[in-house]
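Peer 1: how would this look folded up:
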Amino acid sequence: MAGFKYDIKEHIGNISESPKGWTKELNLISWNNREPKYDLRDWAPEHEKMGKGVTFTKEELKELRDILNEIDL
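Peer 2: Now for the predicted structure:
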């Protein structure tokens, strides 16, 4: 997808880091000047590149939290 814009409104946390320095992050991001969503994806150092990810509304993230809380890890 060419020509899209993003603005990281809030960095919530890093989940992991690869040996090459890429980090799996949860952020609140506005894509193409739209309402910000929670976003989980891999980022290169300095956020110059990104991997495929998944976005969640606040309600979806709450549902995911509830599902994860029910898992016996």
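
Peer 1: element containing the spatially closest residue to residue 24 that is not a sequence neighbour?
Peer 2: Spatial nearest neighbour of residue 24, chain neighbours left out: residue 15 (4.3 Å); criterion: C-beta to C-beta, 6 or more residues apart in numbering. In this view, the C-beta of every residue, glycine as well, is placed from N, C-alpha and C. Applying DSSP states H and E as the criterion places residue 15 in strand 6-17.

Peer 1: buried residues in that strand?
Peer 2: Buried residues in strand 6-17, counted by 16 or more other C-beta atoms under 10 Å: residue 6.

Peer 1: Would you mind getting the angle between the helix or strand just after that strand and strand 6-17?
Peer 2: The helix or strand immediately downstream of strand 6-17 is strand 23-31, counting by DSSP H and E. Relative orientation of strand 23-31 versus strand 6-17 (axes from the mean of the first three to the mean of the last three C-alpha atoms, to 10 degrees): 160 degrees.

Peer 1: who's in contact with the helix or strand following strand 23-31?
Peer 2: Remark: after strand 23-31, the chain's next helix or strand is strand 37-43, criterion DSSP H and E. Around strand 37-43, the neighbours that count as contacts under C-beta atoms under 8 Å, 6 or more residues apart in numbering are 12, 15, 18, 22-31, 49-58, 60-61.
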